[in-house]
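*Asks:* I would like the atomic coordinates for the input below:
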Amino acid sequence: MKTLTLVPFVVIASIFSWAVQGQLTCNIPDNQKIDCGYAGINQQQCEGKGCCWVPLSNGSQVPWCFNKGTVGPTPPPPPPGSAPFSPAEVSTIMGYFLANVDLQGSGAVVAAPDYSVGYWFHWRRDGAIALRSYLLSSGLTPAVDGILQNYVQWELLIHSQSDPNGIDVRGEPKFFMPGSQGGSTGQPYNGGWCRPQNDGAGLVAGLLAEYALGLLKQGNLSYVKEYLWTGSATVRNGGLIKTDLDYVEQSLQNATGCDLWEEIRSADLYFTLAVNRRGFYKASKLVAALGDSVSAAHYQSLADQLKVKLATHYKDGYIQEEMNLRPKDAATIVALNDAYCDDGFHSASGPEAAGTIQTLNNVFGSEYQINQQDTNNGVPGILYGRYPGDVYFGGNPWILNTFHLGLLYYRAAQEVLTSGTDGMHTHWFPVLGRRIDSHVELAYALLEAGDGCLTRVRYHSIGNGLHMNEQIDRNTGYLLSAKDLTWNYASLLSALQSRQSFFEALKKK
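*Replies:* Okay, here's the model as predicted:
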C-alpha cells in the first residue's frame with residue numbers, strides 16, 4: 001500500500017511563523033492588500049483602526065484602506081500529504097464560524113457580519129447548511145445541541161411571521177435578525193429580492209430530520225415529538241419538519257423559484273430539486289423510526305420522483321444545473337455534497353461527479369488568471385467560481401465553491417478506497433490527467449486533489465489571519481466582497497471532517 005509522508009503540524013506552524021515574523025508595513029504589493037475599511041471610510045478613520053491608507057485612481061479595485069503586511073515571500077504551501085490546515089489554524093477558523101452562529105442566543109446564523117455588502121441577515125439556506133456542517137463535523141454534543149435548540153426556536157419564530165411580500169413565508173430567502181437594520185428580529189426582509197426560494201424549506205427539513213435522528217439515538221424522544229415531528233396535524237401543524245415539507249410538496253406543483261445564486265428563475269434547478277429530495281429522504285428515515293410507516297412511504301415516494309427528474313440533468317457528460325438557462329454551474333458541486341442521500345445516486349465517486357468536475361475545471365482553470373498564476377508559482381489546486389461569464393463583483397472565484405470541490409474529492413477518495421476494486425473508476429483518469437489502476441493509489445490521488453483545493457485557499461487567506469471573504473479576485477488574488485462569510489467556514493469544516501473520515505477508513509483496510 002502506498003504511504004504518504006505526513007509532515008508534523010509543528011512544521012507547518014513554523015512555516016506560518018516564519019512568514020509573519022517580519023515587521024508590519026504598509027509598503028506591500030497591491031495583490032497582497034486586504035480590505036480593512038468600509039464604504040465611505042476616510043483616511044483618519046482608516047488609520048484610526050490601525051490600517052494603511054494609500055489612495056489610488058478612481059475605479060481601481062485595490063482597496064485604499066488595507067491591513068498592514070509583512071515584507072517577504074508568501075508562505076509556501078504544505079508539502080504533499082500533510083494536512084492543509086494545522087490544528088491551531090482549524091481552531092482559529094472554528095472561532096470565526098462560531099462567532100457567526102446563534103447570535104445573542106437567538107438561534108439565527110448571520111450570512112456574514114458585514115454591513116457594507118448587506119449580508120447581516122439570516123438566510124434560511126445558509127443557516128441550514130452551516131448548522132448541518134457543524135452537526136456533522138462536531139457530532140451531537142451538548143454544545144451543538146444547545147445551538148440547535150435555539151435554532152429550532154428561531155425557525156418557530158420565522159414560521160409565525162406574516163409575509164409582507166405576498167408569498168408564503170417559508171419561501172422567503174432572508175430574515176432580519178439581532179443587529180439587522182430596517183426590521184424586527186424574525187421578520188422577512190421586505191425589500192426587492194429574488195423570490196420565492198424553494199430550497200430553504202427542504203434544507204431546513206433535512207437538517208432537522210438529521211438532528212431528530214441524533215436525538216432519538218440519545219433517547220430524547222420527547223423533544224422530537226414536541227417540536228420536530230408531533231405526529232398530529234393539530235399539534236404545531238405536525239412539527240417543523242412536516243410544516244416545511246408540506247411547503248416543498250406544494251412547490252413541486254408550481255416549482256418556479258430562484259436558483260442558489262438568486263439570479264435566475266426556473267422550475268428545473270438541480271440544486272433545489274436535490275436538496276428537496278434529501279429533505280424527503282431524511283424525513284422518511286425519521287418517521288419510519290417513529291413508527292409512522294404511511295408518512296415514511298409517502299416521503300420516500302416523493303424522493304424517488306425527484307431522483308428520476310434529477311437523473312435527466314446528467315447530459316453531455318456532466319450534471320447541468322439548469323439545462324436551458326445555465327448548464328455549467330458550480331451549484332451542482334455544492335448539491336452533490338449537501339444533498340447526497342447515502343443511496344448511491346449521483347455518488348461522489350461516480351462518473352457524474354467526475355464528468356462535472358472535469359467540465360468545471362476546464363471552465364475555471366482557463367477563465368481566471370489567478371489560477372494560472374498560482375499554478376505557475378507551484379501552488380496546488382484550483383479556485384472555483386460560480387459559473388462562466390459571472391459578472392457579480394467582477395466575476396471571481398468563490399471560496400465556498402472551492403472548498404466544496406475539495407470536499408467532493410475527499411468523499412470520492414473514501415468511496416474509492418472502500419470499494420476494494422481495481423480498475424472500477426476509470427472515469428477519474430481524465431480528471432487527474434493519468435491512468436491509475438489501483439483503487440488505493442487512485443484514492444490517494446483524489447485525496448491529494450482535495451488537499452490542493454484547500455491549500456490554494458489557505459495560500460490566499462493566511463495573510464489575512466485566515467479570515468475568509470466571499471471571493472478571491474480573479475486577477476490579483478486578494479480577498480473581495482463579504483468578510484467572514486459563514487458558508488466558507490461551514491464548507492471547510494465539512495471538508496476537513498471528510499478528510500478525517502478518509503484516514504479512519506484507511507485504518508480499517
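*Asks:* so where do the strands sit in the stretch 401-509 of the chain?
*Replies:* 471-472, 479-480 (DSSP state E, counting those that start in this stretch).
*Asks:* can you check the stretch 101-250 of the chain too?
*Replies:* All strands of the stretch 101-250 of the chain, identified by DSSP E, counting those that start in this stretch, fall at 122-123, 174-175.
*Asks:* measure the residue lying closest to Cys26 once chain neighbours are set aside to Asn150 for me?
*Replies:* Excluding the flanking residues, the one nearest Cys26 by Cβ to Cβ, 6 or more residues apart in numbering is Cys52, at 3.6 Å. Every C-beta, even on glycine, is put in place using the N, C-alpha and C of the backbone. Look at Cys52 and Asn150: by Cβ to Cβ, to the nearest Å, they are 39 Å apart.
*Asks:* likewise Ile129?
*Replies:* Where Asn150 is concerned, Ile129 sits at a distance of 17 Å (Cβ to Cβ).
*Asks:* so these two - more neighbours on which side?
*Replies:* For the pair Ile129 and Asn150, the greater number of neighbours falls to Ile129 (28 against 18), based on other Cβ atoms under 10 Å.
*Asks:* can I get the strands of the stretch 101-250 of the chain in CSV including distance to Tyr314?
*Replies:* Output for the strands of the stretch 101-250 of the chain, formatted as CSV (distance: least, Cβ to Cβ, whole Å):
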stretch, distance to Tyr314
strand 122-123, 28
strand 174-175, 31
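*Asks:* between the ones you listed, which one is closest to His346.
*Replies:* strand 122-123 (24.7 Å; Cβ to Cβ).
*Asks:* and the closest one, what does it pack onto?
*Replies:* strand 174-175 (3 or more Cβ pairs under 8 Å, 6 or more residues apart in numbering; DSSP states H and E).
*Asks:* what does the strand it packs on contact?
*Replies:* 108, 111, 121-124, 158, 161, 186-189, 193 (Cβ atoms under 8 Å, 6 or more residues apart in numbering).
*Asks:* hmm, back to that, dig out what the residue nearest to Cys26 forms beta bridges with.
*Replies:* Beta bridges link Cys52 to Phe66 when assigned by DSSP bridges.
*Asks:* quick one: the helices in the stretch 301-450 of the chain?
*Replies:* 331-338, 351-367, 369-376, 399-419, 429-432, 439-461 (DSSP state H, counting those that start in this stretch).
*Asks:* distance from the fourth one to the middle of the chain?
*Replies:* What separates the centre of helix 399-419 from the centre of its chain is 13 Å, taken as Cα atoms, centre = their mean, to the nearest Å.
*Asks:* poorly predicted segments of the stretch 201-350 of the chain, please.
*Replies:* Applying pLDDT under 70 to the stretch 201-350 of the chain flags no residue at all.
*Asks:* hmm, back to that, out of the helices of the stretch 301-450 of the chain, which gets nearest to Tyr299?
*Replies:* Nearest to Tyr299 among the helices of the stretch 301-450 of the chain is helix 331-338 (18.4 Å), distances taken as Cβ to Cβ.
*Asks:* other SSEs contacting that closest one?
*Replies:* Using 3+ Cβ pairs under 8 Å, 6+ apart, the elements in contact with helix 331-338 are helix 270-289, strand 318-319, helix 351-367, helix 399-419.
*Asks:* how about the ones you listed, which one is nearest Val204?
*Replies:* Nearest to Val204, of all those, is helix 270-289, at 7.9 Å by Cβ to Cβ.
*Asks:* okay, buried residues for that closest one please.
*Replies:* 270-287, 289 (16 or more other Cβ atoms under 10 Å).
*Asks:* then stretch 87-96?
*Replies:* Using 16+ other Cβ under 10 Å as the test for burial, stretch 87-96 gives 89-90, 93-94, 96.
*Asks:* ok, now stretch 290-304?
*Replies:* 290, 292, 295-296, 298-300, 302-303.
*Asks:* make a markdown table out of those residues and add distance to Asp422.
*Replies:* Formatted as a markdown table, these follow (distance: Cβ to Cβ, whole Å):
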| residue | distance to Asp422 |
| --- | --- |
| Leu290 | 43 |
| Asp292 | 44 |
| Ser295 | 43 |
| Ala296 | 38 |
| His298 | 42 |
| Tyr299 | 38 |
| Gln300 | 35 |
| Leu302 | 38 |
| Ala303 | 33 |
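*Asks:* now flag whichever of those residues is closest to Ser266.
*Replies:* Among the buried residues of stretch 290-304, and counting by Cβ to Cβ, the member closest to Ser266 is Leu302, at 19.6 Å.
*Asks:* mind listing what that closest one touches?
*Replies:* 249, 252, 277, 280.
*Asks:* likewise Gly406?
*Replies:* Residues in contact with Gly406 (Cβ under 8 Å, 6+ apart) are 381, 450-454, 495.
*Asks:* would you mark the buried spots in stretch 220-239?
*Replies:* Counting neighbours by 16+ other Cβ under 10 Å, one finds that the buried residues in stretch 220-239 are 223-225, 227-230, 236, 238-239.
*Asks:* tell me where the stretch 1-150 of the chain has helices.
*Replies:* Secondary structure of the stretch 1-150 of the chain (DSSP H, counting those that start in this stretch): helices at 9-20, 43-48, 87-98, 124-138, 142-159.
*Asks:* okay, those, which one's buried deepest?
*Replies:* A comparison of those by mean neighbour count, using mean count of other Cβ atoms under 10 Å, puts helix 124-138 on top with a mean of 24.
*Asks:* where does this structure dip in pLDDT?
*Replies:* Scanning the chain for pLDDT under 70 picks out the ranges 1-24, 29, 31-32, 57-61, 70-81.
*Asks:* quick one, domains of it?
*Replies:* As assigned by automatic domain parsing, the chain contains the domains 23-70, 121-346, 352-509.
*Asks:* tell me how far the first one is from the chain's mean position?
*Replies:* Averaged C-alpha coordinates place domain 23-70 at 29 Å from its chain's average position (Cα atoms, centre = their mean).
*Asks:* cool, and stretch 102-112?
*Replies:* Its chain's C-alpha centre and that of stretch 102-112 lie 17 Å apart, by Cα atoms, centre = their mean.
*Asks:* end to end, how far does that stretch reach?
*Replies:* Terminal residues of stretch 102-112 are spaced 13 Å apart (Cα to Cα, to the nearest Å).
*Asks:* adding mean neighbour count and distance to Leu136, write the strands of the stretch 401-509 of the chain out as TSV.
*Replies:* Formatted as TSV, the strands of the stretch 401-509 of the chain follow (neighbours: other Cβ atoms under 10 Å; distance: least, Cβ to Cβ, whole Å):
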stretch	mean neighbour count	distance to Leu136
strand 471-472	28	25
strand 479-480	24	27
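*Asks:* quick one: which of the ones you listed is nearest Thr141?
*Replies:* Set against Thr141 and scored by Cβ to Cβ, the strands of the stretch 401-509 of the chain come closest in strand 479-480, at 31.6 Å.
*Asks:* that closest one pairs with which strands, parallel or anti?
*Replies:* Using DSSP bridges, the strands paired with strand 479-480 in its sheet are strand 471-472 (antiparallel).
*Asks:* got the contact list for Gln471?
*Replies:* With Cβ under 8 Å, 6+ apart, Gln471 has these contacts: 393, 396-399, 479-481.
*Asks:* go again with 10 Å.
*Replies:* With contact set as Cβ atoms under 10 Å, 6 or more residues apart in numbering, Gln471 has these partners: 383, 385-386, 390, 392-401, 478-482, 485.
*Asks:* next one: it from Gly171, what distance?
*Replies:* From Gln471 to Gly171 the distance is 27 Å (Cβ to Cβ).
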